[in-house]
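In: Here is my input; please provide its structure:
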Amino acid sequence: MKFIRAILGAMILAWDALTRPRPMTRSAAEQAEVDDQTRHMSLYQFHTCPFCVKVRRQIRRLGLNIELRDARQPDIAKQLVDGGGKRKVPCLRITSDGQDQWMYESNDINAFLQEKFG
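Out: Numbers count the residues shown, from 1 in each chain. As a prediction, the model looks like this:
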């Protein structure tokens with residue numbers, strides 16, 4: 001099973017690299033404003049998860065600087081479970097006024113990012 005996952009993961013990453021979207025362009029002032037908003041966001045993800053790739057492509061398409069956190073690392077996985085309640089990826093953590101919001105599901109995350117930054 002690990003062998004199949006490794007092959008599929010490599011295929012997913014190759015497809016992503018070959019079809020990577022171009023980032024949206026903004027003025028320096030607009031990009032600085034967007035960067036300030038995304039400074040409080042983190043994406044908990046697995047590198048070869050197709051749903052995580054889908055969200056990372058949206059992040060790139062929108063030209064966002066969102067921190068990526070590998071949920072396979074024990075300390076990151078603990079943060080995800082302690083904060084979000086489950087070890088499920090992708091998960092977007094949004095910190096606002098000292099409160100964390102944990103958003104799961106790639107379609108929900110992509111819709112949120114499109115609405116806010118698209």
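In: Mind jotting down where the helices sit in the chain?
Out: Counting by DSSP state H, the chain has helices at residues 2-18, 28-38, 50-61, 74-84, 106-117.
In: which of these is buried the deepest?
Out: helix 50-61 (a mean of 19; mean count of other CB atoms under 10 Å). Glycine gets a C-beta too; all of them are placed from N, C-alpha and C.
In: Which strands and helices lie in contact with that one?
Out: helix 2-18, strand 41-45, helix 106-117 (3 or more CB pairs under 8 Å, 6 or more residues apart in numbering; DSSP states H and E).
In: Let's see that with 7 Å instead.
Out: Using 3 or more CB pairs under 7 Å, 6 or more residues apart in numbering; DSSP states H and E, the elements in contact with helix 50-61 are helix 2-18, helix 106-117.
In: Which of those helices sits closest to residue 48?
Out: Minimum separation from residue 48 across the helices and strands packed on helix 50-61 (CB to CB) falls at helix 2-18, 3.2 Å.
In: tell me the mean pLDDT over the closest one?
Out: The average pLDDT for helix 2-18 rounds to 87.
In: From the contact counts, what lies against that helix?
Out: Using 3+ CB pairs under 7 Å, 6+ apart, helix 2-18 sits against helix 50-61.
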